[in-house]
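Participant: Test case, fold it:
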Amino acid sequence: MENKSQKCVHEGHRERLTELALSAGIENLSNIQAVEFFLTYIFPRGDVNPLAHKLLDKFGSFSNIVDAEIADLCTVSGINVRSAKKIKLFGKMIDLYSFSKFNRKINLKNMKEFLNILEALLKVKSTENLFLFGFDHSFNLIQQRKYEMKRVREVGISPLELYAFISSTNPAYLIVAHNHPGGTALASPDDHQAVKFIEDILKHLECKLIDSLIVGIDGIYSEKQASFIRPYSQTDKIIALP
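Facilitator: The predicted structure is shown next:
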């Protein structure tokens with residue numbers, strides 16, 4: 001157990017780290033400092049610096065730590081199932097923040113704002129994720145849902161998952177979006193097959209696929225237009241609405 005003097009040292013270090021994050025900016029902390037600061041939210045007490053080193057040694061970056069599977073996190077000494085779940089849920093809190101930041105009604109006629117959401121959700125992800133976005137007849141966003149790609153088909157979302165989303169939200173239009181972590185946003189043959197797969201399913205439902213969008217390091221690619229609708233460092237293009 002920690003003695004009183006050790007506890008005071010740790011508390012003083014946490015306070016100094018918090019002040020450094022506020023004054024310098026979290027983005028300007030070293031990798032170790034950033035992970036250590038994050039771990040203070042997971043572990044209310046104690047010295048988390050050694051654990052920050054262990055996590056970075058195993059996973060390489062903060063984003064990889066947050067995206068890691070619970071079982072993998074638990075292989076690190078000092079991480080139990082409860083703390084691993086908290087780390088895993090942090091990524092979902094980031095997604096929630098991205099959506100709540102745009103708390104007013106999102107409409108596809110304001111494409112810039114929608115693409116901003118896609119960037120916030122997918123641009124920095126170190127693992128592949130897929131989102132479904134449902135819109136009403138006026139192109140207002142009414143629902144969105146995230147799927148981890150390891151849980152879906154190689155050629156796209158499973159029929160049951162897609163049917164469940166459509167039946168629960170009743171969208172008139174659908175946009176599918178996923179990311180290519182660390183790679184180009186250009187569509188692969190599997191991506192083209194996924195679009196055809198989804199369109200075949202939607203033929204039996206009262207819902208139309210507007211587009212399948214891919215987020216990569218070079219921009220956001222539209223499979224329907226076969227071009228970038230947001231090449232990074234250039235101005236936005238607009239999806240052609242039905």
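
Participant: The one helix or strand residue 194 maps to packs against which elements?
Facilitator: Secondary structure from DSSP states H and E places residue 194 in helix 189-202. Helices and strands touching helix 189-202, by 3 or more Cβ pairs under 8 Å, 6 or more residues apart in numbering; DSSP states H and E, are helix 159-169, strand 173-179, strand 208-216. (Each C-beta comes from the backbone N, C-alpha and C, glycine too.)

Participant: if you set the cut-off to 7 Å instead, what comes out?
Facilitator: Secondary-structure packing of helix 189-202 (3 or more Cβ pairs under 7 Å, 6 or more residues apart in numbering; DSSP states H and E): helix 159-169, strand 208-216.

Participant: Any figure for the gap between residue 197 and residue 164?
Facilitator: 16 Å (Cβ to Cβ, to the nearest Å).

Participant: neighbour-wise, which of these two wins?
Facilitator: The residue with more neighbours, out of residue 197 and residue 164, is residue 197; 18 against 13, by other Cβ atoms under 10 Å.

Participant: Local confidence estimate at that one?
Facilitator: You'll see residue 197 listed with a pLDDT of 89.

Participant: now do the one 10 residues further on
Facilitator: The predicted structure scores residue 207 at 94 on the pLDDT scale.

Participant: Could you do residue 204 as well?
Facilitator: On the pLDDT scale, residue 204 gets 86.

Participant: Let me know how buried it is, in neighbour terms.
Facilitator: 10.

Participant: who are the neighbours in contact with it?
Facilitator: With contact set as Cβ atoms under 7 Å, 6 or more residues apart in numbering, residue 204 has no partners.

Participant: My understanding was that residue 211 contacts residue 174; is that so?
Facilitator: No - contact criterion Cβ atoms under 7 Å: residue 211 and residue 174 do not qualify, at 8.9 Å.

Participant: In space, what's closest to residue 59 - neighbours in sequence excluded?
Facilitator: residue 65 (4.7 Å; Cβ to Cβ, 6 or more residues apart in numbering).

Participant: right, and the helix or strand after the helix or strand where that neighbour lies?
Facilitator: Following DSSP H and E, one finds residue 65 within helix 62-67. Downstream of helix 62-67, the first helix or strand assigned by DSSP H and E is helix 70-73.

Participant: give the contact list for the residue nearest to residue 59.
Facilitator: Here residue 65 is in contact with 35, 55, 59, 87 (criterion: Cβ under 7 Å, 6+ apart).

Participant: Any idea how far apart the tips of stretch 167-183 sit?
Facilitator: 34 Å (Cα to Cα, to the nearest Å).

Participant: Distance of the closest residue to residue 124 other than its chain neighbours relative to residue 38?
Facilitator: Spatial nearest neighbour of residue 124, chain neighbours left out: residue 63 (6.3 Å); criterion: Cβ to Cβ, 6+ apart. Distance of residue 63 to residue 38, computed by Cβ to Cβ: 11 Å.

Participant: Now do residue 79 against residue 199, distance only.
Facilitator: From residue 79 across to residue 199, the span is 43 Å (Cβ to Cβ).

Participant: Oh, that last question was meant for residue 144, not what I typed.
Facilitator: 20 Å.

Participant: Could you do residue 121 as well?
Facilitator: Taking Cβ to Cβ, one finds residue 121 at 23 Å from residue 199.

Participant: do residue 27 as well
Facilitator: Counting by Cβ to Cβ, the gap from residue 27 to residue 199 is 41 Å.

Participant: who has more neighbours, those two?
Facilitator: Set residue 27 next to residue 199 and count neighbours by other Cβ under 10 Å: residue 199 wins out with 13 against 7.

Participant: quick one, what contacts that one?
Facilitator: residue 209.

Participant: one more time with 10 Å, if that's ok
Facilitator: Going by Cβ atoms under 10 Å, 6 or more residues apart in numbering, residue 199 touches 174, 208-209, 212.
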